[in-house]
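Undergrad: just the structure for this:
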Amino acid sequence: MIRTRLTQRLGLDLPIMLAPMALAGGGELAAACAEAGAFGLVGGGYGDLDWTRREWGVLTRRLANTPAAQHAGCGFITWKLDQDATALDWVLDQPLLPKAVFLSFGDPRPYAARIARAGVRLICQIQTLAQLPLAIEAGAEVVVVQGGEAGGHGAAVATARSTMVFVPEAKDWLAANAPDVLLLGAGGIADGRGLAALLMLGADGALVGSRLWASREGLAAQSAKEQAVMADGDATARSAIFDILRRKDWPGEYDFRALRNAIHREWEGREAELRGDPAAARAEFDEGAAQGDYTRANVTVGEATGLIRDLPGAGEIVQRMAAEAQTCLSRASLLIT
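TA: Numbers count the residues shown, from 1 in each chain. Just a heads-up that it's a prediction; the model follows:
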């Protein structure tokens, strides 16, 4: 068993946390991760109250009165909370209280006090080193540094950091300024080799998205998951194209990684034109999404798609990752003579 500050402080068996993926990471996926010894986060995403109620209810029915209930929380897109924080307030008032709230993509400080009053841990995800002091000011107990390899939303391609460099740089900053704060790495982590590498870089664990998106419990369509299995890491790109097509008005400092398909290739390098007159392309996208045609609809995975080769249950995935990481770390000692 791998022991880190994350496993010790949160009482976990595995140094792994499920990324709270909007519209894909529901209650069944979060519960499965928690039951397997990782930390599960429901993707509250865009702050839709009905979605949050439904998926937190799914998790509650599965985990209530079990030890795994101590290993579950909920995540939100911070700039959407700025528009409507009803879903956050609702989840903080539930009998099964989330053990952590995860905030990313915006300033967490306006929400820190209400999360703290509820006795809930705050986890902040950052995309640049400049955001790290803001997370500490907000009272984050755990900071996640997200590399540009990650699927879905992250720092725009012009400023996206690499997980390999971002993690140790953030670790050094925390060691000097906030040594008790835990550090997780995210972006491109899909197997035990990636988890072991993060631990060697100084992280306390991994936040895992794409690999768990492609699980039995993930809410993405089965045919979309199968596309991810067939793809390699060269097949993804970061851009604003799918946000424009999906009518998602994200701030300009973020964009979206997904598989490059026919509709994405059609608009690469033409985003301004697409923004100016999106109607026909949106109709094509909408039709593709309705029909499950992923030459037109998005498959939301990161560069780790090249390491996804099957679609098992989430519990099997996280336990396999931890076992592989333990093997890697044991072998590392053989390199020293």
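
Undergrad: can you give me the helices for the stretch 101-250 of the chain?
TA: Per DSSP state H, counting those that start in this stretch, the stretch 101-250 of the chain has helices spanning 109-117, 132-138, 163-177, 192-201, 210-213, 222-230, 241-245. These are given in chain order.

Undergrad: CA-only coordinates of stretch 206-224 in CSV, if you can.
TA: Taking C-alpha atoms only, stretch 206-224 is exported to CSV below (Å, rounded to 0.1, in the frame of the first residue of the first chain):
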residue,chain,number,x,y,z
ALA,A,206,-3.2,12.4,-8.5
LEU,A,207,-6.5,13.9,-9.7
VAL,A,208,-7.7,11.6,-12.5
GLY,A,209,-10.2,12.6,-15.1
SER,A,210,-10.0,11.0,-18.6
ARG,A,211,-9.1,7.5,-17.4
LEU,A,212,-12.2,7.4,-15.1
TRP,A,213,-14.4,9.2,-17.7
ALA,A,214,-13.8,6.0,-19.7
SER,A,215,-15.2,3.7,-17.0
ARG,A,216,-18.3,1.6,-16.7
GLU,A,217,-19.9,4.2,-14.3
GLY,A,218,-18.9,7.3,-16.3
LEU,A,219,-22.0,9.1,-17.8
ALA,A,220,-20.5,9.6,-21.3
ALA,A,221,-22.1,7.6,-24.1
GLN,A,222,-20.7,4.2,-24.6
SER,A,223,-19.9,5.0,-28.2
ALA,A,224,-17.9,8.0,-27.1
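
Undergrad: how about low-confidence regions in the stretch 151-300 of the chain?
TA: Judged against pLDDT under 70, the stretch 151-300 of the chain has no low-scoring part.

Undergrad: 90 instead, please
TA: Scanning the stretch 151-300 of the chain for pLDDT under 90 picks out 157-158.

Undergrad: how about the strands of it, start to end?
TA: When assigned using DSSP state E, counting those that start in this stretch, the strands of the stretch 151-300 of the chain occupy the ranges 152-155, 182-186, 205-208, 236-239, 254-259.

Undergrad: pipe those strands into TSV and attach mean neighbour count per row.
TA: (Each C-beta comes from the backbone N, C-alpha and C, glycine too.) Supplementary listing: the strands of the stretch 151-300 of the chain in TSV, determined by neighbours: other C-beta atoms under 10 Å:
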stretch	mean neighbour count
strand 152-155	24
strand 182-186	27
strand 205-208	30
strand 236-239	22
strand 254-259	24
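
Undergrad: any chance of those in CSV with distance to Asp82 as columns?
TA: As requested, the strands of the stretch 151-300 of the chain are arranged in CSV below (distance: least, C-beta to C-beta, whole Å):
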stretch, distance to Asp82
strand 152-155, 16
strand 182-186, 22
strand 205-208, 23
strand 236-239, 24
strand 254-259, 14
